[in-house]
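Engineer: Here is a sequence together with a model predicted from it:
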Amino acid sequence: MRIGELSRRTGVAVPTIKYYVREGLLPAGRLTSPNQADYDDSHIRRLRLIRGLMDVGGLSVSVVREVLAAVDAPEEPVHKVLGAAQEAITPPTAGEPAGLDEARRAVAGLIRRRGWRVDPGHVSAEALAVALATFRGIGHGAFEEVLDDYAAACERIAAADLAYVGRHVDVDSLVESVVVGTVLGDAVLSAMRRLAHVDGSARQYEG
């Protein structure tokens, strides 16, 4: 198909498609003349992936480029690809709140209690420590009492995520599903958690 049809089928404007090609997010089409190129269904799929990562996942162009680099490296072990995707989408912590070292110890203790095969220095462990230190700083240190409940729920979610990933038998689809599930799954989880809050609040406090 020509770029105009690719635009119509994906809803992505032609200048935006060209921008994605220049930025290395979208492979160039197959040249049929000096000024024309053909595109195929793989470009449709990649464009929808890019828009999903940006529109639903809220990722920037530079972060999407990193995530797609993981998608395009199927020779890497899936565990390594997942780690690369997580590092790309986890925002850097802004500053160090008071009590961060104590919060880091709390996170390390949680990891030990749960028997998780995770380095306490993992980027997500640091993000959790910053959140806990912030909770403490605003007088809500008691939130840590529910950490194990959160951990148990997240273990079930992780099991469901990986079961979904495992249903993809070809490597390319498996790698893509890991990355997409990491990014878009966060959006699903956040929205579903809020829905559950609304329901729980209605049941407990309404009337």
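Structural biologist: Ah, there it is.

Engineer: which residues of the protein fall in helices?
Structural biologist: 3-10, 14-22, 41-51, 61-71, 78-89, 100-114, 123-137, 147-166, 171-205 (DSSP state H).

Engineer: any chance of those helices in CSV, plus mean pLDDT?
Structural biologist: Formatted as CSV, these follow (pLDDT from 0 to 100):
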stretch, mean pLDDT
helix 3-10, 93
helix 14-22, 94
helix 41-51, 90
helix 61-71, 82
helix 78-89, 70
helix 100-114, 95
helix 123-137, 92
helix 147-166, 89
helix 171-205, 82
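
Engineer: looking at these, which is closest to residue 33?
Structural biologist: helix 3-10 (12.8 Å; Cβ to Cβ). Just so you know, the C-beta spots here come from the backbone N, C-alpha and C atoms, and that holds for glycine as well.

Engineer: Which elements pack onto that closest one?
Structural biologist: helix 14-22, helix 41-51 (3 or more Cβ pairs under 8 Å, 6 or more residues apart in numbering; DSSP states H and E).

Engineer: quick one: the first one to chain centroid distance?
Structural biologist: Between the centre of helix 14-22 and the centre of its chain there are 23 Å (Cα atoms, centre = their mean, to the nearest Å).

Engineer: Which positions within that helix qualify as buried?
Structural biologist: Residues 16, 17, 20, 21 are the ones in helix 14-22 that count as buried (16 or more other Cβ atoms under 10 Å).

Engineer: quick one, that helix and helix 41-51 angle?
Structural biologist: Here helix 14-22 runs at an angle of 90 degrees relative to helix 41-51 (axes from the mean of the first three to the mean of the last three Cα atoms, to 10 degrees).

Engineer: Give me the nearest residue to residue 6, chain neighbours excluded.
Structural biologist: Closest residue to residue 6 apart from its sequence neighbours, by Cβ to Cβ, 6 or more residues apart in numbering: residue 39 at 4.6 Å.

Engineer: residue contacts, the one you found?
Structural biologist: 1, 2, 3, 5, 6, 29, 30 (Cβ atoms under 8 Å, 6 or more residues apart in numbering).

Engineer: Select from those the one having the most neighbours.
Structural biologist: Counting neighbours by other Cβ atoms under 10 Å, residue 6 comes out on top of these with 22 neighbours.

Engineer: hang on, that residue packs against residue 44?
Structural biologist: Yes - the pair residue 6 / residue 44 is scored as a contact, 6.8 Å apart, by Cβ atoms under 8 Å.

Engineer: can you redo the helices of the chain as TSV with distance to residue 35?
Structural biologist: Formatted as TSV, these follow (distance: least, Cβ to Cβ, whole Å):
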stretch	distance to residue 35
helix 3-10	11
helix 14-22	12
helix 41-51	18
helix 61-71	26
helix 78-89	35
helix 100-114	56
helix 123-137	45
helix 147-166	41
helix 171-205	31
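
Engineer: Could you work out which of those helices reaches nearest to residue 34?
Structural biologist: Nearest of those (Cβ to Cβ): helix 3-10, 14.5 Å.

Engineer: CA atoms only: put the closest one into PDB for me.
Structural biologist: Only the C-alpha atoms of helix 3-10 are listed here, as PDB (Å, rounded to 0.1, in the frame of the first residue of the first chain):
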ATOM      1  CA  ILE A   3       1.600   5.900   2.500                       C
ATOM      2  CA  GLY A   4      -1.800   7.500   2.000                       C
ATOM      3  CA  GLU A   5      -3.600   4.200   2.500                       C
ATOM      4  CA  LEU A   6      -1.400   3.400   5.500                       C
ATOM      5  CA  SER A   7      -2.500   6.700   7.000                       C
ATOM      6  CA  ARG A   8      -6.200   6.000   6.300                       C
ATOM      7  CA  ARG A   9      -6.100   2.500   7.700                       C
ATOM      8  CA  THR A  10      -4.300   3.500  10.900                       C
END
